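1. Sequence plus the predicted model coming up.
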Amino acid sequence: MSRAKTNSAHRAERKEKFTTLSGLPLDPVYTQESLGSWDPETALGYPGEFPYTRGIYPTMYRGRFWTMRQYAGFGTAVESNRRYRYLLSKGQAGLSVAFDLPTQIGLDSDHPLALGEVGKVGVAIDSLEDLETLFDGIPLEKVSTSMTINATAAILLCLYVAVAKKQGASLARLSGTVQNDVLKEYIARGTYIYPVRPAMRIVTDIFAWCRDHLPRWNTISISGYHIREAGST
């Protein structure tokens, strides 16, 4: 279908030029001719195969639904554990843990700078005992746990693994995610601790360790939303 044919069938366009948010031009219509030498066999592929543009599993959600989880965490580990048990009893298939701001930047709850922020936007975690309480009665082998944590992701993941070991769980069967996207903290949110380069080293150290010890764990969840809200294209 030619540009002339599409234009003759409709009124004049309301703008002279249409672009994406990044300023890339958008044509009125795309056809096979627009692809040029683009090869779908290599550039698109099939579901469950590299480059995974059609999903990481062959059947995707025909085979398994999304994991349903509510982002939750507040006050003490006891209060949040009560909430998690309730959600799981109502059919939730996984957990999504919100941590308070002191935990996000590595401060104990009794630190002077933590005053007024403990347990406010998430659960307060100061020790292994706190995390044991948070997951008390919840078999970590059987649930997928997402943890929205960045600067202290390595520490919280270590505590999570320690709790799983105390439960007698197989690390090879643990599944979940740490957000671990520290770059957006410098650009958008501000809950960073270290200079960028060593912080990125910690991020990639998590990749390397999980590759060998937590094969089912997602080691990063890129938060493009935060950077977009901070003004990026």
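-> All right, it came through fine.
2. Give me the nearest residue to Lys184, chain neighbours excluded.
-> His226 (4.5 Å; Cβ to Cβ, 6 or more residues apart in numbering). Any C-beta I mention is one placed from the backbone N, CA and C, and that applies to glycine too.
3. in stretch 131-149, what counts as buried?
-> 131-135, 138, 140, 143-149 (16 or more other Cβ atoms under 10 Å).
4. Identify each buried residue in stretch 72-85, please.
-> Ala72, Gly73, Gly75, Thr76, Ala77, Glu79, Ser80, Asn81, Arg83, Tyr84.
5. mind listing the strands in the protein by residue range?
-> Under the criterion DSSP state E, the chain contains strands at 71-72, 94-98, 144-148, 175-178, 217-218.
6. Now do the fourth one: everything it contacts.
-> Read that as strand 175-178. 94, 144-147, 149, 153, 156-157, 160, 206, 216-221 (Cβ atoms under 8 Å, 6 or more residues apart in numbering).
7. in its sheet, what does that strand sit against?
-> Paired with strand 175-178 in the same sheet, following DSSP bridges, are strand 144-148 (parallel), strand 217-218 (parallel).
8. Quick one: work out the angle between the longest one and strand 94-98.
-> On the basis of axes from the mean of the first three to the mean of the last three Cα atoms, to 10 degrees, strand 144-148 is oriented at 20 degrees to strand 94-98.
9. got a list of contacts for strand 144-148?
-> Where contact means Cβ under 8 Å, 6+ apart, the residues beyond strand 144-148 that reach it are 67, 69, 71, 93-99, 122, 153, 156-157, 160, 175-179, 221.
10. Please check those residues and keep the buried ones.
-> When those are checked against 16+ other Cβ under 10 Å, the ones flagged as buried are 67, 69, 94-99, 122, 153, 156-157, 160, 175-179.
11. circling back to that earlier point, ok, which of the strands paired with strand 175-178 comes nearest Tyr186?
-> Closest to Tyr186 of the strands paired with strand 175-178, according to Cβ to Cβ: strand 144-148, at 17.0 Å.
12. Pull stretch 27-34 out as PDB, backbone CA atoms only.
-> Below are the C-alpha coordinates for stretch 27-34, written out as PDB (Å, rounded to 0.1, in the frame of the first residue of the first chain):
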ATOM      1  CA  ASP A  27       5.500   6.500   8.900                       C
ATOM      2  CA  PRO A  28       1.800   6.400   8.300                       C
ATOM      3  CA  VAL A  29       1.900   2.700   7.500                       C
ATOM      4  CA  TYR A  30       4.400  -0.100   7.300                       C
ATOM      5  CA  THR A  31       4.500  -2.900   4.800                       C
ATOM      6  CA  GLN A  32       6.800  -5.800   3.900                       C
ATOM      7  CA  GLU A  33       8.800  -3.300   1.800                       C
ATOM      8  CA  SER A  34       9.600  -1.300   4.900                       C
END
